[in-house]
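S.K.: build me a model from this:
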Amino acid sequence: MRLFHILLLPLCLLLAQVGPGAGLITSLFYRTPEYKCAKSGGTCNFSPCPLYTKHMGYCYSGKAKCCI
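M.R.: Predicted coordinates for the structure are as follows:
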C-alpha cells in the first residue's frame, strides 16, 4: 500500500500544476468554426454559396464560407 501512495504522489503533483499547461484544458472545449458550421447544418464552401443558401460565417481561417 505504501508503494501505491509513493506512485500516486508524483501524479497528484503533476496534475496540480497551474502554469503553461492550463491552456490545454480550455482547448479541449474549443469548437472550430468548421465544427460550428457543420453542427448548425451548414457546409464550408470555397466557392460562392449555392442558390437558396445564405452566408453565415467563415471556415478554414477565412478561406471558405459557411453556407446554411
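
S.K.: can you say which helix or strand has the residue nearest to C66 when sequence neighbours are not counted in it?
M.R.: The shortest distance from C66 to any non-neighbouring residue, by CB to CB, 6 or more residues apart in numbering, is to C37 (3.8 Å). For the C-beta atoms, the positions are set from N, CA and C on the backbone; glycine is no exception. C37 is located in helix 33-39, with elements delineated by DSSP states H and E.

S.K.: touching that helix from outside, list them.
M.R.: 31, 43-44, 56-60, 66, 68 (CB atoms under 8 Å, 6 or more residues apart in numbering).

S.K.: next one: stretch 60-68
M.R.: The contact list for stretch 60-68, computed with CB under 8 Å, 6+ apart, reads 33-34, 36-37, 40-46, 48-50, 53-59.

S.K.: how about 6 Å then?
M.R.: Contact with stretch 60-68 is made by 37, 42-46, 49, 53, 55-57, 59, as judged by CB atoms under 6 Å, 6 or more residues apart in numbering.

S.K.: for those residues, work out which two are farthest apart.
M.R.: Farthest-apart pair in the contacts of stretch 60-68 is F46 and M56; separation 15.5 Å (CB to CB).
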